[in-house]
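Student: everything below, folded, please.
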Amino acid sequence: MPPEDIEALFTRSDGTFLCARWGRPIAPVVFGVDDATLATVKGALEAVCTLAGHEIAETDPELGANLMVFFFREWSELPEVPNLDRLIEGLPDLVARLEATGANQYRVFRFDAGGAIRACFVFLRMDADLSAVPADTLALVQVTQTMLLWSDTAFTDRSALGRTEGGHVLLRPEIAAVIRAAYDPVLPAVSDDPAHALRLSARIAAGRPA
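Tutor: Predicted coordinates:
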């Protein structure tokens with residue numbers, strides 16, 4: 001994967017570059033789904049964490065759960081979630097903006113003192129469009145988008161997922177390679193230097209830490 005293509009994945013619409021990975025084990029909790037969907041989401045998380053060589057934990061010592069995924073029907077339900085306003089600053093204003101734009105998903109990241117991801121909140125309003133997406137596809141997309149701090153435009157033109165000839169959904173090989181390289185312990189957990197893309201590209205090309 002050419003360095004310029006990797007750089008584009010982490011260059012935001014305002015022109016700034018930032019690549020960050022999780023700096024701690026991921027402790028997930030999922031709200032608003034049945035047991036089957038819960039198992040699908042956790043299965044997707046386990047698969048991508050295995051790919052990245054990153055740990056999953058039962059609990060986070062600071063937050064309890066540091067990856068929270070909410071499934072719901074209307075944005076107006078969020079302010080009713082106990083204590084969510086303590087975790088998401090300006091929650092009423094955020095809900096109003098999302099309702100006004102007709103959004104069906106939103107992610108909020110929190111970072112540690114060094115800039116690595118320490119928490120992520122994923123909100124999925126199950127409108128007709130999202131409800132039409134198979135659960136395994138939706139789960140894999142969301143997990144992929146929480147594993148790294150991708151650009152806000154990274155997947156606007158092309159999904160992170162692809163399909164095999166048999167119709168199975170999986171990560172595009174180049175996206176899987178970027179995730180694996182980004183979690184190389186030799187690399188910093190956070191970089192705002194576009195040259196970081198060169199280091200990622202070198203590891204991908206070598207197929208092993210360079």
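
Student: for the chain, longest helix please?
Tutor: helix 35-52 (DSSP state H).

Student: how distant is that one from the center of its chain?
Tutor: 13 Å (CA atoms, centre = their mean, to the nearest Å).

Student: then stretch 103-121?
Tutor: 9 Å.

Student: ok, stretch 91-106 next?
Tutor: 19 Å.

Student: what's in contact with that stretch?
Tutor: Stretch 91-106 has contacts (CB atoms under 8 Å, 6 or more residues apart in numbering) with 75-76, 78-79, 84-85, 88, 122-127, 129-130, 142. Bear in mind the C-beta positions are built from the backbone N, C-alpha and C, glycine included.

Student: all helices of the protein, in order?
Tutor: 3-9, 35-52, 84-87, 91-101, 128-131, 135-147, 173-182, 196-206.

Student: tell me which of those approaches Thr156 most closely.
Tutor: helix 3-9 (11.0 Å; CB to CB).

Student: if we can go back for a sec, which of the contacts of stretch 91-106 count as buried?
Tutor: Neighbour-count burial (16 or more other CB atoms under 10 Å) is assigned, among those, to 75, 78, 84, 88, 122-126, 142.

Student: now, among the contacts of stretch 91-106, which is nearest to Ala27?
Tutor: Closest to Ala27, out of all of the contacts of stretch 91-106 and judged by CB to CB, is Val122, at 13.9 Å.

Student: count of residues packed around the closest residue to that closest one other than its chain neighbours?
Tutor: Of all residues not flanking Val122 in the chain, Val69 sits nearest, at 4.4 Å (CB to CB, 6 or more residues apart in numbering). For Val69, the neighbour count with other CB atoms under 10 Å is 25.

Student: can you tell me how far the residue nearest to Leu149 when sequence neighbours are not counted sits from Ser13?
Tutor: For Leu149, ignoring the flanking residues on the chain, the nearest one in space by CB to CB, 6+ apart is Ala20 at 4.1 Å. Distance, Ala20 to Ser13, using CB to CB, to the nearest Å: 17 Å.

Student: alright, I will stop here.
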